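*Asks:* Sharing a model prediction with you, sequence too.
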Amino acid sequence: MDFRILGPLEVRIGGEVVRLGGRRQQKLMAMLLIHANEVVTLDRLVDGLWDEAVPQTAQAQLHNAVWALRRALTSAGGDGDSIVTEPAGYRLVLPEGCLDLHRFWAETQAAEKAEADGRPAEAAAALLAATGLWRGPAVAGLRASRAIDTAAAGLDEQYLVAVERLGALRLGLGQAEDLVSQLIGLVGEHPFREPLRALLMLTLAALGRQTEALTVYEEGRRLLADELGLDPGEHLREAHAQVLRGTVPGPPPPALSRPRHLPAGPSDFVGRSADIDQVVANVRRDPAGPLVITAIDGMGGVGKTALAVHLAELLAGSYPDGLYFIDLQGFSVGKQPQTPEAALDVLLRQAGMPVELIPPGLTERAERWRSMAAGKRILVVLDNAADAAQVRPLLPGTTDGVVLVTSRRRLTTLDGGRPVSLDVLSSAEAVVLFQRIAERATDDSAAVADVVELCGRLPLAIRIAASRLRHRPAWTVADLAERLRETRRRMHTLTVDDLSVYATLQLSYTSLPDLHRRTFRLLGIHPGQDIDRYAVAALTGLPVDEAEEQLESLCDCNLLMQPAAGRYQLHDLIRDCAKQLAQTDESESGRREAAARLFDYYLYLAHEYCDPMTGRISRFEPDIPSGPVAVPAARDEVGAIGLLETEYQNLMAVATQARESGWPVHSWQLPCVLRPFLERRNFRVAWLHLFEGAFAAARRLDDQRGQSTALANIAVIHRELGRLAKAIDLLKQALVISQAAGDQAGEARQTSDLGITYLRIARYREARECFRIALELAERLGSERDVGVLINNLGFVAADLGEYPDALEQFERALVINRDTGSRQGEVLSLANIGRLHGRFHRYQQARSYLTQALVLSREVAYRFGEGWALAWLAAVHRREGDLTSAIRLGRLALDVGKAAGVADVECAALNCLGETYLTLGDVEMAADLHQRAEALATSRDFTLEIARAVEGQAHVALRRGELAKARGLWERALALYPERLADEAHARSHLVAEDARCERCAVG
């Protein structure tokens, strides 16, 4: 249970908000929480519930309210008995840490101790956590009686004291820049609070803003005199004197911190002394010499990464300018190797480069990385490389750095690379590793030697065997050795090159009951990265609880890993053995039946989780031969999205295997069922082959619905790749099929998709007509959720055409529908569009309110598309208001979200907004670069409006440089790009009419 009174009263049980009933029950709960774990007398409770005119039945009504509260807590899954009846009144018994007020007190006490011990940074961190618990005034909305008001006012005073202490600490730590805006707001809320005002004065003075600091003092002096007839108190007078004397310390110079991105190495690292000596000798032979590249190769499980990280820690002191680490995913289950472009993006971010400065191409990124590293002593670990070609662009330009590369391949073509080929451990090292993990003293050294030899002295095999022994106290080491020896031939398939880890399976597989062995074999059929108990229940045909028991047993045998609660994973070597065992020990019919159950499970799971996101025209009903199956419960749309995110890699793997192994129904239905979820992730090029396979499978089955649905999804992917003509052609083909089959839902969905595609190329007349047709079909089908989406789309068209009253009416109508139907995604878009419209009319407060609501909601429901647009439009609003710091921060966030989610138009909008902001700041070169990048990206995707906006930005840059003819030419080009009647053309047109014009792109305020 989680109770909160530092703000509006809130009680949560299991993450769900508990409905406490009417205002009387809420006030009662507030009073019990304010005095948690203390007896609150009946008289005090009556005073809190009835400020005046206490009824004669007050105590009876109080008892009823207590009963109602207990019932509410119990019904929600909590403990109603936590409200204890005492002779004098009632007491609410709370476990430690479940009330935010208690957590606040704990943090403030920790801060006091840290400050007393001379640890101001830790004290500030504790106070920051404490004040972060507040969501507004204590028990806001319930302060209607003297008893509650008095208690809540006391809590508010504690908050302000904590804020003042935190502010003083942060000022002393040189964090004045981050502190000033908060203090300005707090002084506005509490103008008579002198310590706050004094702190604001000192903060402004520390930033060199003495005039403003003195103005703050004068405002406070006048306020105290006019309102209270008082002179400034000691706090204000002392602050005033410090400002006048100039004794307020300025901000300290920024502390130099080196990038440090090494993961934690294994605590039980053993041996490799010869390899370590070789690498260290190479590095230290000439500390100021050329770049030292060490290429560590070896088989999977031999300990390459552990050695590289251990070496990096040993050498770290000699490389003060940065320690970098990146997993290149060359040999990672279920992952493609990182491209050099993506790897350079990670390295540049690790080096501290802002996202908007990272260039788009491989050559440019490599040059920037070498330039940043030049002259610096850095150490870089490039882990899990696929080949030398992947590594070469990542080598830094510094001449006195170290690069450690690990790979399962020998990188013989890596120029300058000094190879270190890892063999298995020596006998002595293997024994030490075994004993450290087993945590058991033994005199039977011969048995230990037997065990490590039977494990092939491979670190992975030794770890598994020793862990088994540690968890089996009844076994001796000799017992373990005997078990390993008995199964060498049977487990010959668990091998790596000329080494075997069959001992691991002998330890578990042969000693398991028949049912456990079957479960392990069938896990080899699962094509995905990890698995849960529900999928295993489908795979094996077992009940869910029994499937979980099987998984836990296999975990105990170290045949399975558990990377997260409820998720199970096979190591890649053990997975190979499970696949082989499925082929040799399971009949063909058994494998086929298990695969059929598994594919049906994932098809049903996808349908169940996607259904809450869909309206009628977008709902797809699959044909599932086995019918409904047990799947994890999703509470709502947000929960469904989270479960789909968890299962995403498995769903993709199953769809691919269905296509490749002759399951045509699953091959076309699974991708099409996933359409709503894939749409939220913004269709990616990686999914194109899935839908092309879906179309081919549907055509083989002569399934018209499957063909039209798959074609439409292929079209949408082409649209997101900027191939708009191709997308339009495919959507028209899909429409012909849907219309011929009488599939009105498919026709409505595909017509809507066609409208969105027309929007991308600014063909507004066609887009509006498509949305109107789709709206008529949705209304005919009774799909209210789709009606909300389509009305929102029509509003978007109206807004871009300058039909603002009509647009606002459409957005507000869509918002009502989306909220009524529970469409959180639609609600995000409606809120964002309303906010954007307010921004056009310079109603900045309303714009920020709606866009912030859209941003918060989009993050709640993990809707990256909506999050990206909300951030981009918020950035634009802040720029127009003149808050350029916030505009840059939000623009960078929008750019990050756009890149991560693959929403190229959000990237373009963010780049253009950042360009406009930097130009306002006077950084002409940065603005020019950002607008040029926006134009290049928009051109590659055929985003007409973003191209025009980027050209406008370049025109503003030319004007700032005094290149008037060039600026005029660029505005004329932008004007030609805009379709006739589009509202945005007014910006360029205004500059062509008057050279000193101010438009939406350049005006501030």
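*Replies:* Everything's here; your move.
*Asks:* ok, the residue nearest to the spatial centre of the chain to Lys304 distance?
*Replies:* In the chain, the centroid-proximal residue (Cα atoms, centre = their mean) is Ala862; its distance is 8.0 Å. The gap separating Ala862 from Lys304 is 35 Å, by Cβ to Cβ, to the nearest Å. Heads up, the C-betas are built off the backbone N, CA and C, glycines and all.
*Asks:* for stretch 930-937, which positions count as buried?
*Replies:* Buried residues in stretch 930-937, counted by 16 or more other Cβ atoms under 10 Å: Leu930, His931, Gln932, Arg933, Ala934, Glu935, Leu937.
*Asks:* can you pull out the helices in the stretch 251-400 of the chain?
*Replies:* In the stretch 251-400 of the chain, the segments counted as helices under DSSP state H, counting those that start in this stretch are 273-284, 304-315, 340-350, 362-373, 388-391.
*Asks:* With distance to Glu552 and mean pLDDT as added columns, please give the ones you listed in a markdown table.
*Replies:* A markdown table is the format used below for the helices of the stretch 251-400 of the chain (distance: least, Cβ to Cβ, whole Å; pLDDT from 0 to 100):
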| stretch | distance to Glu552 | mean pLDDT |
| --- | --- | --- |
| helix 273-284 | 38 | 82 |
| helix 304-315 | 28 | 88 |
| helix 340-350 | 36 | 92 |
| helix 362-373 | 46 | 89 |
| helix 388-391 | 39 | 92 |
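*Asks:* could I get these as JSON lines with distance to Arg245?
*Replies:* As requested, the helices of the stretch 251-400 of the chain are arranged in JSON lines below (distance: least, Cβ to Cβ, whole Å):
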{"stretch": "helix 273-284", "distance to Arg245": "54"}
{"stretch": "helix 304-315", "distance to Arg245": "49"}
{"stretch": "helix 340-350", "distance to Arg245": "44"}
{"stretch": "helix 362-373", "distance to Arg245": "43"}
{"stretch": "helix 388-391", "distance to Arg245": "60"}
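*Asks:* where do the strands sit along the stretch 201-350 of the chain?
*Replies:* Applying DSSP state E, counting those that start in this stretch to the stretch 201-350 of the chain gives strands spanning 292-297, 323-327.
*Asks:* What strands flank the first one, and is each parallel or antiparallel?
*Replies:* Meaning strand 292-297. strand 402-407 (parallel), strand 417-421 (parallel) (DSSP bridges).
*Asks:* Output that strand as PDB, restricted to C-alpha atoms.
*Replies:* The C-alpha trace of strand 292-297 is given here as PDB (Å, rounded to 0.1, in the frame of the first residue of the first chain):
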ATOM      1  CA  VAL A 292      47.800   0.400 -29.200                       C
ATOM      2  CA  ILE A 293      45.100  -2.000 -30.500                       C
ATOM      3  CA  THR A 294      44.700  -5.400 -28.800                       C
ATOM      4  CA  ALA A 295      42.300  -7.800 -30.500                       C
ATOM      5  CA  ILE A 296      41.200 -10.500 -28.000                       C
ATOM      6  CA  ASP A 297      39.600 -13.500 -29.700                       C
END
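*Asks:* Identify the residues contacting that strand?
*Replies:* 275, 279, 282-283, 304, 307-308, 311, 395, 401-411, 414, 416-422 (Cβ atoms under 8 Å, 6 or more residues apart in numbering).
*Asks:* Could you check how far it is from the centre of its chain?
*Replies:* Averaging C-alpha positions (Cα atoms, centre = their mean, to the nearest Å) puts strand 292-297 34 Å from its chain's average.
*Asks:* quick one, it and helix 304-315 angle?
*Replies:* 150 degrees (axes from the mean of the first three to the mean of the last three Cα atoms, to 10 degrees).
*Asks:* relative to helix 273-284, how tilted is strand 292-297?
*Replies:* Calculated by the same axes, to 10 degrees, strand 292-297 forms an angle of 160 degrees with helix 273-284.
*Asks:* Could you pull out the buried residues of strand 292-297?
*Replies:* Val292, Ile293, Thr294, Ala295, Ile296, Asp297.
*Asks:* coming back round to it: with respect to His235, which of the helices of the stretch 251-400 of the chain lies nearest?
*Replies:* Set against His235 and scored by Cβ to Cβ, these come closest in helix 340-350, at 43.5 Å.
*Asks:* Show me what that closest one is in contact with.
*Replies:* The contact list for helix 340-350, computed with Cβ under 8 Å, 6+ apart, reads 259, 261, 322, 324, 326, 328, 338, 355, 358, 361-362, 365-366, 368-369, 372, 380, 382, 390, 392-394.
*Asks:* Could you pick out the buried ones from these?
*Replies:* Buried subset of the contacts of helix 340-350 (neighbour count, 16+ other Cβ under 10 Å): 261, 322, 324, 326, 328, 338, 355, 358, 365-366, 368-369, 372, 380, 382, 390, 393-394.
*Asks:* Put the alpha carbons of the helix or strand harbouring Asn792 into CSV.
*Replies:* Remark: Asn792 resides in helix 784-800, with elements defined by DSSP states H and E. Taking Å, rounded to 0.1, in the frame of the first residue of the first chain, the C-alpha atoms of helix 784-800 are listed here in CSV:
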residue,chain,number,x,y,z
GLU,A,784,-16.7,5.5,-32.3
ARG,A,785,-13.0,5.2,-31.5
ASP,A,786,-12.1,5.4,-35.2
VAL,A,787,-14.5,8.3,-35.5
GLY,A,788,-12.4,10.2,-33.0
VAL,A,789,-9.2,9.5,-34.9
LEU,A,790,-10.7,10.6,-38.2
ILE,A,791,-12.2,13.8,-36.8
ASN,A,792,-8.8,14.6,-35.4
ASN,A,793,-7.3,14.1,-38.8
LEU,A,794,-9.9,16.4,-40.4
GLY,A,795,-9.0,19.0,-37.8
PHE,A,796,-5.3,18.8,-38.7
VAL,A,797,-6.1,19.5,-42.3
ALA,A,798,-8.3,22.4,-41.3
ALA,A,799,-5.5,23.8,-39.1
ASP,A,800,-2.9,23.7,-41.8
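*Asks:* Next secondary structure after that helix?
*Replies:* Past helix 784-800, the next helix or strand by DSSP H and E is helix 804-821.
*Asks:* Compute the inter-axis angle for that following helix and helix 784-800.
*Replies:* Using the same axes, to 10 degrees: helix 804-821 against helix 784-800 is 160 degrees.
*Asks:* who are the neighbours of helix 804-821, in terms of helices and strands?
*Replies:* Using 3 or more Cβ pairs under 8 Å, 6 or more residues apart in numbering; DSSP states H and E as the contact test, the elements touching helix 804-821 are helix 784-800, helix 824-840.
*Asks:* Show me what it is in contact with.
*Replies:* Counting by Cβ under 8 Å, 6+ apart, 615, 784-785, 787-789, 791-792, 794-796, 798-799, 823-824, 826-827, 829-831, 833-834, 837, 840-841 sit against helix 804-821.
*Asks:* Any idea how far it is from the middle of the chain?
*Replies:* 29 Å.
*Asks:* just to revisit the earlier point, so which of the helices of the stretch 251-400 of the chain comes closest to Glu546?
*Replies:* That would be helix 304-315 among the helices of the stretch 251-400 of the chain, by Cβ to Cβ, at 36.6 Å.
*Asks:* Export the strands of the stretch 201-350 of the chain to TSV and append columns for distance to Pro563 and mean pLDDT.
*Replies:* Shown next, in TSV, are these (distance: least, Cβ to Cβ, whole Å; pLDDT from 0 to 100):
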stretch	distance to Pro563	mean pLDDT
strand 292-297	25	88
strand 323-327	15	93
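*Asks:* Among those, which comes closest to Gln56?
*Replies:* strand 323-327 (73.0 Å).
*Asks:* Good, wrapping up.
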